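Q: One predicted model, sequence on top.
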Amino acid sequence: MIINSICLADLPEGKSGTITSIDTKSATAQRLLDLGFVPGTPIKALKRAPMGDPTTFEIRGYQLGLRRSESEIIEVEIKPDEQ
């Protein structure tokens, strides 16, 4: 099974992934961790604004919009679609 790792900002609309890491050196990292963006958590990209920023994500049963600058510090694993 091939697993792809990308930053959350690049997760395509409608796709799901699992958070693998967060850059804790970032100023917003603690806020994101407090909101539940911790490694091992499933996340789904729901929709992007017309200009591409922000993006709405579903995580832990709620929806949250993040700017690209915030979602770039989060790494996720996505698995190819199984047919």
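A: Structure received.
Q: from here on, contacts and neighbour counts on C-alpha atoms
A: Fine.
Q: mind listing the strands for the protein?
A: Along the chain, the stretches classed as strands by DSSP state E are 4-7, 16-22, 42-48, 55-59, 62-66, 74-78.
Q: Deepest in the core, which of those strands is it.
A: Stretch with highest mean neighbour count among these: strand 74-78 (a mean of 22; mean count of other Cα atoms under 10 Å).
Q: Just want the angle from that one to strand 42-48.
A: If you take axes from the mean of the first three to the mean of the last three Cα atoms, to 10 degrees, strand 74-78 sits at 100 degrees to strand 42-48.
Q: Export the strands of the chain to TSV and append columns for mean pLDDT.
A: What follows is those, written out as TSV (pLDDT from 0 to 100):
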stretch	mean pLDDT
strand 4-7	90
strand 16-22	94
strand 42-48	94
strand 55-59	95
strand 62-66	94
strand 74-78	94
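Q: for these, which one sits closest to residue 30?
A: Ranking the strands of the chain by their distance to residue 30 (criterion: Cα to Cα) puts strand 16-22 first, at 9.6 Å.
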